[in-house]
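> how would this look folded up:
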Amino acid sequence: MTNPPEHARTDSLATPPPGCPAHIGASHAGASRLYGPEAESDPYGLYERLRAKHGPVAPVLLSGDLPAWLVLGYREILDVTRTPSRFSRDARLWTEMREGRVSMDNPLLPIVTWQPMMSFVDGEQHERWRGAVNDSIARFDKRGIRRHVTQCANQLVDRFCAAGNADLVHQFAEHLPMMAMTQLLGMPEAYSPQLVNAARDMLRGTETAIASNEFVQETLRRLVARKHAQPGADFTSWLLEHPVGLTDEEVQQHLRLVLIAAFETTANLIANTLKMVLTDVRFRASLAGGHMTLPDAVEQVLWDEPPFVTVLGRWATQDTELAGKQIKEGDALVLGLASGNVDTVVRPNLDAPIHGNRAHLAFSGGAHECPGQDVGRAIAGTGIDALLLRLPDLALAVEESGLRYRSSLLSRHLVELPVKFTAQQPSPDADLTGGQAPTAASADVGQVASDLSQPGQAQGPASRASWWASFRNWLRGR
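Have a look, this model is predicted:
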């Protein structure tokens, strides 16, 4: 008697094998982890090994050995993103969450806990929230964004240009998007360093990820309160005054979504594009010779090294099939954006440059495709252009083989990008303070956030139950 195919889901196969935890069925026995040394050291290699073994959909384990499906194929990712009737963004469907197998300290919680924002709903509610966000983004003055980004880029360059060397990850790529976003959201630029640390820590899924998430939440909570009293020409005020009538909680959560997504995607995009310009002879020659514009180079990076390598997630609304795998209702799906971008179905020749093609999955797809992608492109392209104009002889200070990456479930980013250049004097009116911000875990949330609030309002998180405390109490009282 021959064994049934791997994807068949009979009652016998649904029983976990000996030695396998009860919550991991036969379909996920021996599945590769999307966390730990192998995933962190070579995520792209892991994706290709999984594709070779399982095809376009592979069984994987998330933090806490929680079973999920990694969607590796380009067509399959589009299928998932375009059929919300089968694959929903509502994390409350997740079987592992509903049955209490997601521990209270699991680093996935900040990104999978359901919150009142467009990335966790479909249908009419999604259209309502998404419409408010789209309308508010559309009010940005694109030329004004570029002017502000140019000013921010020059401020950052002024802080290191006299040294003749710099680390463009920590001194440029990570700070520029947050400097731009704090201005667009209507908050003081002084808080961008703290928010950089908190956002990076949260997305890494470290032991302090939950504390970092609360820091961001509390800062934005105070910002919303301030904008009620002092509205301005900014994203926060526009959300508050939008005719659909968003609640303060809804506005806060959408600010968090936009802030974190814009930071991570744009910081990685800037760093990866700069690395390509500095290390890839073909593109450096093309840029110098005028055959490839900087926007072309940015788009090439979005194909080859997307800012988010995966996105969690979608959750199956019913028992269904995807690429021969039987997906159960409540199963989690992880979209492998990086692997989909190199699928031979869409890119038979990976060495061929791509000019003007935006069919990549860097910003996901379907109804939940990133609404702020053009703002991200504007920040990245304008910032890099300003940097190269100021430092035209910029060169990598180490061998390319010496560059290191840090990977997590969601992203893979450069640890540092050391460069050298001819030292020059900063601008006469340059602000060279550039003080180091405390880490998110040690920052005084109440003190930082109080500057964003109105006189007479509570000055610290103790005055209101925190988001995390409320969620924890809800879990305990289920």
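> so where is the chain shaky, pLDDT-wise?
Applying pLDDT under 70 to the chain flags the ranges 1-23, 203-206, 282-291, 430-478.
> in it, which spans are strands?
32-33, 57-62, 66-71, 87-88, 165-167, 311-316, 320-322, 325-327, 332-335, 395-396, 405-407, 412-414, 418-420 (DSSP state E).
> List the strands paired with the fifth one, with their directions.
Strands adjacent to strand 165-167 in the sheet, as given by DSSP bridges, are strand 418-420 (antiparallel).
> Using neighbour counts, pick out the buried residues of the strand it pairs with.
419-420 (16 or more other CB atoms under 10 Å). For every residue, glycine as well, the C-beta is placed using N, CA and C.
> Give me the contact list for it.
Strand 418-420 has contacts (CB atoms under 8 Å, 6 or more residues apart in numbering) with 164-168, 278, 394-398.
> Return the distance of it from the chain's centre.
Here strand 418-420 shows a centroid-to-chain-centroid distance of 26 Å under the convention CA atoms, centre = their mean, to the nearest Å.
> OK, contacts around the closest residue to residue 60 other than its chain neighbours?
Leaving aside its sequence neighbours, residue 60 sits nearest to residue 70 (CB to CB, 6 or more residues apart in numbering; 4.5 Å). Residues near residue 70 by CB under 8 Å, 6+ apart: 34, 47, 50, 57-60, 310, 333-334, 336, 339.
> I'd like the residues you listed as a markdown table, with distance to residue 374 and neighbour count appended.
Output for the contacts of residue 70, formatted as a markdown table (distance: CB to CB, whole Å; neighbours: other CB atoms under 10 Å):
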| residue | distance to residue 374 | neighbour count |
| --- | --- | --- |
| 34 | 30 | 28 |
| 47 | 28 | 23 |
| 50 | 32 | 22 |
| 57 | 31 | 25 |
| 58 | 32 | 27 |
| 59 | 36 | 24 |
| 60 | 32 | 25 |
| 310 | 23 | 26 |
| 333 | 27 | 22 |
| 334 | 26 | 21 |
| 336 | 24 | 30 |
| 339 | 25 | 27 |
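> Of those, which is the nearest to residue 183?
Closest approach between those and residue 183, by CB to CB: residue 310, at 29.9 Å.
> Phi first, then psi, for the closest one.
When read as degrees, to the nearest 10, the backbone of residue 310 gives phi -140, psi 160.
> distance of it from residue 95?
Distance, residue 310 to residue 95, by CB to CB, to the nearest Å: 20 Å.
> Ok, residue 36 next?
From residue 36 across to residue 95, the span is 23 Å (CB to CB).
> which of these two has more neighbours?
residue 95 (17 against 11; other CB atoms under 10 Å).
> Could you find the closest non-adjacent residue to the more buried one?
Nearest residue to residue 95, sequence neighbours excluded (CB to CB, 6+ apart): residue 330, at 3.3 Å.
> can I get the contacts of residue 70 in CSV with distance to residue 218?
Converted to CSV, those look like this (distance: CB to CB, whole Å):
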residue, distance to residue 218
34, 30
47, 36
50, 39
57, 39
58, 38
59, 38
60, 33
310, 28
333, 32
334, 29
336, 33
339, 36
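> Residue 133 reaches residue 239, doesn't it?
Yes. Using CB atoms under 8 Å, residue 133 makes contact with residue 239 at a distance of 7.4 Å.
> Overlap in contacts, those two.
residue 254.
> give me the number of residues near residue 79?
Counted by other CB under 10 Å, the residues lying close to residue 79 total 18.
> got a list of what it touches?
Taking CB under 8 Å, 6+ apart as the test, what residue 79 contacts is residue 322.
> And it, how far from residue 309?
20 Å.
> Buried residues in stretch 377-385, which are they?
Under 16+ other CB under 10 Å, the buried positions of stretch 377-385 are 377-385.
> actually stretch 353-369, sorry about that
By 16+ other CB under 10 Å, the buried positions in stretch 353-369 come out as 353-354, 360-366, 368.
> ok, now stretch 324-340?
Going by neighbour count (16+ other CB under 10 Å), the buried part of stretch 324-340 is 325-328, 330-340.
> which one among those gets closest to residue 274?
For those, the nearest to residue 274 is residue 338 (18.8 Å; CB to CB).
> Next, the contact list for the closest residue to the closest one other than its chain neighbours, please.
Nearest residue to residue 338, sequence neighbours excluded (CB to CB, 6+ apart): residue 309, at 4.0 Å. Residue 309 makes contact with 43-44, 336-338, 407, 410-412 under the criterion CB under 8 Å, 6+ apart.
> Need phi/psi at residue 309.
phi -80, psi -30.
> What distance do you get for it to residue 363?
With CB to CB as the criterion, residue 309 and residue 363 are 13 Å apart.
> what do you get for residue 247?
Residue 247 is 27 Å from residue 363, by CB to CB.
> Quick check: buried residues in the longest helix seen in the chain?
For the chain, the helix with the greatest residue count under DSSP state H is helix 248-279. Buried residues in helix 248-279, defined by neighbour count with 16+ other CB under 10 Å: 250-278.
> What count of nearby residues applies to residue 133?
Quick note: residue 133 (other CB under 10 Å) scores 22 neighbours.
> residues in contact with it?
118, 239, 254, 258, 371 are the contacts of residue 133 under CB under 8 Å, 6+ apart.
> got those residues as a markdown table, with distance to residue 184 columns?
Output for those, formatted as a markdown table (distance: CB to CB, whole Å):
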| residue | distance to residue 184 |
| --- | --- |
| 118 | 18 |
| 239 | 12 |
| 254 | 13 |
| 258 | 9 |
| 371 | 13 |
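> Looking at the residues you listed, spot the one nearest residue 172.
For the contacts of residue 133, the nearest to residue 172 is residue 258 (21.6 Å; CB to CB).
> Might you report the residue contacts of the residue lying closest to residue 31 once chain neighbours are set aside?
Leaving aside its sequence neighbours, residue 31 sits nearest to residue 59 (CB to CB, 6+ apart; 4.2 Å). By CB under 8 Å, 6+ apart, residue 59 lies in contact with 27-28, 31, 67-70, 325.
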